[in-house]
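# prediction below, plus the sequence it came from.
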Amino acid sequence: MAIPRGRIRGFVRRPTPAEVTELGAAEHLSLTPAEAEHYAEILDQILTNVDRLDELHAPLPPLRFTDRDPGGPVSDAEDPFHAFIRRCHVAGAADGPLHGLTVGVKDNLAVAGVPITNSSRTLSYTPTTDAVVVSRLLAAGADVVGKTNLDDFSTSGTGESSWYGPARNAVDPARSAGGSSGGSGSAVRSGAVDLAIGVDEGGSARIPASFNGIVSIKPSQGLVPSHGLTYMDHTVDAVCPMAATVELTARMLDVMSGHSDRDPQWVRAMPEPTAAAEALGGGVAGLRIGVVTQSADPALCEPGVLAAFETCCATLEAAGATVVPVSVPLWSDAWAVETTLLLHLAWLNTQADGAGYSHLGEVDVERTHAFGMVRRLEADSFPPFFKVWLLGGRYLHDKYFSTYFAKAANLRRALIAQIDAVFGDCDLLVTPTTPQVAPVLLDRPASDPELLARGTTMVANTCVLNLSGHPALAVPSGTDPDTSMPTSIQIIAPLWQDALTFRAGAVIEAAVGVMPGGAVTEPAGSR
């Protein structure tokens with residue numbers, strides 16, 4: 001006969017009446033001493049239910065691929081572009097659509113047995129399960145060979161906030177590889193990996209794709225599971241494939257996409273995996289493609305970026321598409337809307353110790369515990385953007401009663417409606433991906449205000465789609481003649497029509513060509 005463990009007492013310590021008084025004050029309650037004692041007695045009984053959770057255990061999926069070497073840090077000689085936080089090796093399946101290909105995983109996604117650092121000096125954490133996208137890539141035959149560099153807690157667009165030093169552009173090491181997924185971008189462009197996973201909350205995968213001259217797609221919101229991520233917000237987070245070609249990116253998306261009950265994102269359907277690779281030869285003949293006028297304003301974009309963009313639009317017309325100007329009035333205000341939302345959402349996510357609320361998927365309890373410790377013991381080590389979110393979010397919540405969150409949420413809905421209305425007359429939209437080419441990296445220590453000012457100059461055309469949820473594919477559009485740096489075009493489709501972006505992407509790639517791997521021997525830009 002099995003003998004129950006029979007704990008003598010529960011784990012959760014009961015609050016005293018004095019603590020209940022303090023809790024009430026934090027929630028704007030003025031409790032009398034008698035009320036505090038009364039509620040302490042009530043909580044004593046209610047917390048018995050919470051104690052019960054320590055006796056119950058939810059099953060987790062077994063680890064399928066167990067040939068794992070956690071590896072370690074790499075030298076500058078082994079990693080000249082600072083693309084990796086560590087090299088590791090996890091062997092995937094013996095066959096599959098991605099068999100023989102290598103993958104770099106952004107170091108804010110879980111790979112079981114390999115520490116996550118978030119490129120931060122705060123506590124690292126070693127997960128015991130794989131992110132859904134990691135397990136799917138392994139099942140497709142790919143091998144994970146490294147955790148890639150990123151901005152500290154994914155909080156900038158240049159890579160300069162990484163505690164390990166910024167990833168360097170694989171075309172010109174003096175320049176930014178982009179952020180926050182800069183290591184993934186430079187790892188692909190340099191040929192260190194065949195594929196990489198990026199994460200995008202305002203352009204953080206498409207920006208490195210643009211700066212390095214590679215391909216990435218921010219999928220339809222909810223198409224690719226975000227389980228295993230260091231979350232920012234479940235309505236903004238997007239896990240993205242990155243590769244050197246349109247075809248490899250499409251194959252990667254086909255493997256990564258589709259419903260998972262482990263996914264914290266909430267969508268009004270169970271999305272099927274894409275078949276983007278099958279759509280590559282479809283062409284654009286007969287399609288109506290809108291150029292978002294606000295995105296291609298000469299006051300916003302550098303001349304070389306606009307020249308390459310206009311050439312690509314002419315390429316699409318020559319391939320049989322009708323290209324017309326369209327207007328999305330709120331486009332230019334999207335960053336103001338997203339900034340307001342992030343102040344609230346990132347702050348609120350932090351109150352949940354990184355798990356996020358409205359969470360319908362699998363929660364990593366140990367990760368939540370680790371993040372809670374970091375938040376309480378090492379918050380002074382957070383990067384400047386993170387501190388701004390915490391301070392600004394708390395301020396707007398306390399002083400303005402979340403009114404600005406409500407306004408931003410409604411403006412987000414209005415922006416989505418404007419984009420959907422344009423799709424009533426167009427099959428696709430196009431914009432420059434980033435308004436500029438990769439900037440030269442700082443060669444000196446910088447103050448927090450300078451880092452903050454540099455970190456968002458490239459998001460004007462990318463953050464819009466994080467708000468709206470529409471799929472957006474970044475494809476190299478050419479080279480800026482003044483700097484010899486890559487430029488990029490962004491191709492946007494209606495929600496759930498991700499595969500359609502690849503038809504136009506293949507046409508652009510056939511005309512522009514695939515960017516060569518590896519760095520130039522001499523930096524193209526000034527140091």
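Great, that's in hand. Residues are numbered from 1 along each chain as shown.

# list the contacts of the helix or strand in which residue 388 is found.
Here residue 388 sits within helix 384-400, counting by DSSP states H and E. Helix 384-400 is contacted from outside by 152-153, 155-156, 161, 340, 342-348, 350, 379, 382, 402, 404-405, 448-449, 451-452, 455, using Cβ atoms under 8 Å, 6 or more residues apart in numbering. In short, each C-beta sits where N, CA and C put it, glycine included.

# pull the distance from that helix to the chain's centre.
The chain centre lies 21 Å from the centre of helix 384-400; the measure is Cα atoms, centre = their mean, to the nearest Å.

# residues near residue 247, how many?
Neighbours of residue 247 under the rule other Cβ atoms under 10 Å: 18.

# host element of it?
Secondary structure (DSSP H and E) places residue 247 in helix 246-256.

# which residues in this protein form helices?
Secondary structure of the chain, counting by DSSP state H: helices at 17-26, 33-52, 132-139, 182-190, 206-212, 246-256, 303-318, 334-351, 365-377, 384-400, 403-423, 448-454, 463-468, 498-512.

# output those in TSV; the columns should cover mean pLDDT and distance to residue 359.
Converted to TSV, the helices of the chain look like this (pLDDT from 0 to 100; distance: least, Cβ to Cβ, whole Å):
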stretch	mean pLDDT	distance to residue 359
helix 17-26	97	23
helix 33-52	95	18
helix 132-139	98	14
helix 182-190	98	26
helix 206-212	98	26
helix 246-256	98	20
helix 303-318	98	39
helix 334-351	96	10
helix 365-377	95	10
helix 384-400	95	18
helix 403-423	98	19
helix 448-454	90	29
helix 463-468	98	19
helix 498-512	98	24
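
# which stretch among these comes nearest residue 235?
Among the helices of the chain, the nearest to residue 235 by Cβ to Cβ is helix 334-351 (7.6 Å).

# ok, which stretches of the stretch 51-200 of the chain are strands?
Assigned by DSSP state E, counting those that start in this stretch, the strands in the stretch 51-200 of the chain fall at 68-72, 84-90, 102-106, 143-148, 195-199.

# with mean neighbour count added, can I get those strands in TSV?
Listed next are those as TSV, based on neighbours: other Cβ atoms under 10 Å:
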stretch	mean neighbour count
strand 68-72	14
strand 84-90	22
strand 102-106	28
strand 143-148	26
strand 195-199	29
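
# so what are the domain limits for this protein?
17-49, 68-336+405-512 (automatic domain parsing).

# quick check: which of those is buried the most?
Mean neighbours per residue, mean count of other Cβ atoms under 10 Å, is largest over the domains of the chain for domain 68-336+405-512, with a mean of 22.

# hmm, back to that, possible to save the helices of the chain as TSV with distance to residue 492?
Converted to TSV, these look like this (distance: least, Cβ to Cβ, whole Å):
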stretch	distance to residue 492
helix 17-26	44
helix 33-52	46
helix 132-139	22
helix 182-190	20
helix 206-212	11
helix 246-256	15
helix 303-318	13
helix 334-351	13
helix 365-377	33
helix 384-400	26
helix 403-423	8
helix 448-454	26
helix 463-468	6
helix 498-512	7
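
# nearest to residue 328 among the ones you listed would be which one?
Judging those by Cβ to Cβ, what sits closest to residue 328 is helix 403-423, at 5.0 Å.

# so which elements touch that closest one?
In this structure, helix 403-423 packs against helix 334-351, helix 384-400, strand 428-432, helix 463-468, with contacts taken as 3 or more Cβ pairs under 8 Å, 6 or more residues apart in numbering; DSSP states H and E.

# quick check: mean pLDDT of the shortest one?
If you average the pLDDT over strand 428-432, you get 99.

# what angle separates it from helix 498-512?
50 degrees (axes from the mean of the first three to the mean of the last three Cα atoms, to 10 degrees).

# and strand 428-432, what does it pack against?
Secondary elements touching strand 428-432 (3+ Cβ pairs under 8 Å, 6+ apart): strand 288-292, helix 303-318, helix 403-423, strand 486-492, helix 498-512.

# strands paired with the shortest one, and their directions?
Strand 288-292 pairs in its sheet with strand 322-326 (parallel), strand 428-432 (parallel), by DSSP bridges.

# what residues does it touch?
Here strand 288-292 has contacts from 313, 316, 321-328, 331, 422, 425-431, 461, 504, using Cβ under 8 Å, 6+ apart.

# cool, stretch 66-74 as well?
Applying Cβ under 8 Å, 6+ apart, the set of residues contacting stretch 66-74 is 84-91, 112-115, 146.

# quick revisit: now the helices and strands packed on strand 428-432 in JSON lines, with distance to residue 104?
As requested, these are exported to JSON lines (distance: least, Cβ to Cβ, whole Å):
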{"stretch": "strand 288-292", "distance to residue 104": "32"}
{"stretch": "helix 303-318", "distance to residue 104": "27"}
{"stretch": "helix 403-423", "distance to residue 104": "32"}
{"stretch": "strand 486-492", "distance to residue 104": "19"}
{"stretch": "helix 498-512", "distance to residue 104": "21"}
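
# for residue 354, which of the ones you listed is the nearest?
Comparing the helices and strands packed on strand 428-432 by Cβ to Cβ, helix 403-423 comes nearest, at 19.5 Å.

# which outside residues touch that closest one?
Counting by Cβ under 8 Å, 6+ apart, 290, 292, 326-331, 333-334, 337, 340-341, 344, 396-397, 429, 464, 467-470, 492, 494 sit against helix 403-423.

# out of the strands paired with strand 288-292, nearest to residue 193?
strand 428-432 (26.4 Å).

# so how far is the closest one from its chain's centroid?
20 Å.

# got the angle between it and strand 486-492?
Using the same axes, to 10 degrees: strand 428-432 against strand 486-492 is 150 degrees.

# returning to what we had before: now tabulate the strands of the stretch 51-200 of the chain in CSV and tack on mean pLDDT.
Output for the strands of the stretch 51-200 of the chain, formatted as CSV (pLDDT from 0 to 100):
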stretch, mean pLDDT
strand 68-72, 98
strand 84-90, 98
strand 102-106, 98
strand 143-148, 98
strand 195-199, 98
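
# CSV please, covering those strands and showing distance to residue 500.
Formatted as CSV, those follow (distance: least, Cβ to Cβ, whole Å):
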stretch, distance to residue 500
strand 68-72, 38
strand 84-90, 33
strand 102-106, 25
strand 143-148, 29
strand 195-199, 21
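
# wait, which of these is closest to residue 483?
strand 195-199 (23.1 Å).

# which residues sit against that closest one?
With Cβ under 8 Å, 6+ apart as the criterion, strand 195-199 contacts 98, 101-106, 108-109, 133-134, 137, 142, 148, 154, 180-181, 183-185, 187-188, 204-205, 208-209, 216, 229, 237-243, 248, 252.

# one more time with 6 Å, if that's ok
101, 103-106, 181, 184, 187-188, 205, 216, 239-240, 242-243, 252 (Cβ atoms under 6 Å, 6 or more residues apart in numbering).

# what about stretch 352-364, average pLDDT?
Here the average pLDDT along stretch 352-364 is 90.

# distance from the chain centre to that stretch, please.
16 Å.

# try stretch 330-341
With Cα atoms, centre = their mean, you get 17 Å for stretch 330-341.

# against residue 363, how distant is residue 249?
30 Å (Cβ to Cβ, to the nearest Å).

# ugh, wrong one, I meant residue 57
13 Å.

# residue 257 now?
22 Å.

# about what we covered before: alpha carbons only: can I get the helix holding residue 388 in CSV?
Written as CSV, here are the backbone C-alpha positions of helix 384-400 (Å, rounded to 0.1, in the frame of the first residue of the first chain):
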residue,chain,number,x,y,z
PRO,A,384,17.9,51.2,-20.0
PHE,A,385,14.9,50.4,-22.1
PHE,A,386,13.7,47.8,-19.6
LYS,A,387,14.0,50.4,-16.8
VAL,A,388,12.0,52.9,-18.9
TRP,A,389,9.2,50.4,-19.4
LEU,A,390,9.1,49.7,-15.7
LEU,A,391,9.1,53.3,-14.7
GLY,A,392,6.9,54.6,-17.4
GLY,A,393,4.4,51.7,-17.1
ARG,A,394,4.1,52.1,-13.3
TYR,A,395,3.7,55.9,-13.7
LEU,A,396,1.0,55.8,-16.4
HIS,A,397,-0.8,53.1,-14.5
ASP,A,398,-0.8,54.9,-11.1
LYS,A,399,-1.2,58.5,-12.3
TYR,A,400,-3.4,58.1,-15.3
